[in-house]
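Student: this one's sequence-less:
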């Protein structure tokens, strides 16, 4: 395990395979650890049931996404599962770090690799499922994708799982509460810092 030294506010990147529960972990953090600052990604996909624009994602059009890319307004971006695009707005992250706060990004593997190139001192955390069978169960139980999309996501998940050695730390999401507690222990500055809701 390679944990980069901390010499100031640190960016922490949380990534993992599809259906591992990244969104669930982030939602739990948002609810139970309000002082942890979480970046809100932009995406061109449609909202899933229960998702709120501006809270879970900023849902935007392809044209709007193109404008962000052209203006270098995204810290990272990628096309995920050969369909929708996702990206991290650059300015809110830079503002949080400049103000002395730690920032947490919940992104996909492609995005994590881009951030690794531009911010190598960040802490990269891989969220892993307890087993492959459990990952499949979670994806099927979600019920938000058709059979073709599920097959595409499972194929992607196998590739994503193989990338685990690229990360500094692995956290197994066998329990959302336990996984969040372990993640917060690594965040340090963010967990102990002030309320960042106005960032």
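Tutor: Now that the structure is in, tell me what you want to look at. None of these values were measured; they are calculated from a predicted model.
Student: need the helices for the chain, in chain order.
Tutor: 22-32, 62-70, 90-98, 109-118, 132-142, 147-161, 176-187, 189-192 (DSSP state H).
Student: Least confident of those, on average?
Tutor: Averaging pLDDT over each of these singles out helix 189-192 as the lowest, with a mean of 40.
Student: Identify the residues contacting the residue nearest to residue 126 when sequence neighbours are not counted.
Tutor: Take residue 126 and drop its neighbours on the chain: the residue closest to it by CB to CB, 6 or more residues apart in numbering is residue 167, 3.8 Å away. Quick note: C-beta positions are derived from backbone N, CA and C, even for glycine. In this structure, residue 167 makes contact with 15, 112, 124, 125, 126, judged by CB atoms under 8 Å, 6 or more residues apart in numbering.
Student: repeat for residue 44
Tutor: 59, 60, 61, 62, 65, 84, 85, 86.
Student: biggest separation within those, which pair?
Tutor: The most widely separated members of the contacts of residue 44 are 61 and 86, with 13.9 Å between them, by CB to CB.
Student: higher neighbour count, these two?
Tutor: residue 86 (22 against 9; other CB atoms under 10 Å).
Student: Run a quick neighbour tally on the spatially closest residue to that one that is not a sequence neighbour.
Tutor: With sequence-adjacent residues excluded and distances taken as CB to CB, 6+ apart, residue 86 is closest to residue 43, at 4.7 Å. Residues contacting residue 43 under the criterion other CB under 10 Å number 19.
Student: I'd guessed residue 43 sits against residue 59; true?
Tutor: Yes. Between residue 43 and residue 59 there is a contact under CB atoms under 8 Å: 6.2 Å.
Student: Any idea which residue is closest to the centre of the protein?
Tutor: For the chain, the residue nearest the mean C-alpha position is residue 106 (1.2 Å; CA atoms, centre = their mean).
Student: Could you check how far stretch 149-160 is from the centre of its chain?
Tutor: Distance, stretch centre to chain centre, for stretch 149-160: 17 Å (CA atoms, centre = their mean, to the nearest Å).
Student: and if you look at stretch 133-146?
Tutor: That offset, for stretch 133-146, works out to 19 Å (CA atoms, centre = their mean).
Student: Next, the buried residues of it.
Tutor: 135, 138, 139, 145 (16 or more other CB atoms under 10 Å).
Student: Distance of the residue in the chain sticking out farthest from the centre relative to residue 135?
Tutor: Relative to the C-alpha centroid of the chain, counting by CA atoms, centre = their mean, residue 147 is the outermost residue, at 24.6 Å. Taking CB to CB, to the nearest Å as the measure, residue 147 falls 17 Å from residue 135.
Student: swap in residue 114?
Tutor: From residue 114 across to residue 135, the span is 24 Å (CB to CB).
Student: check contacts around residue 153.
Tutor: Applying CB under 8 Å, 6+ apart, we find residue 153 in contact with 18, 19, 81, 139, 145.
Student: Closest to residue 163 out of those?
Tutor: So of these, ranked by how close each gets to residue 163 (CB to CB), first place is residue 18, at 12.6 Å.
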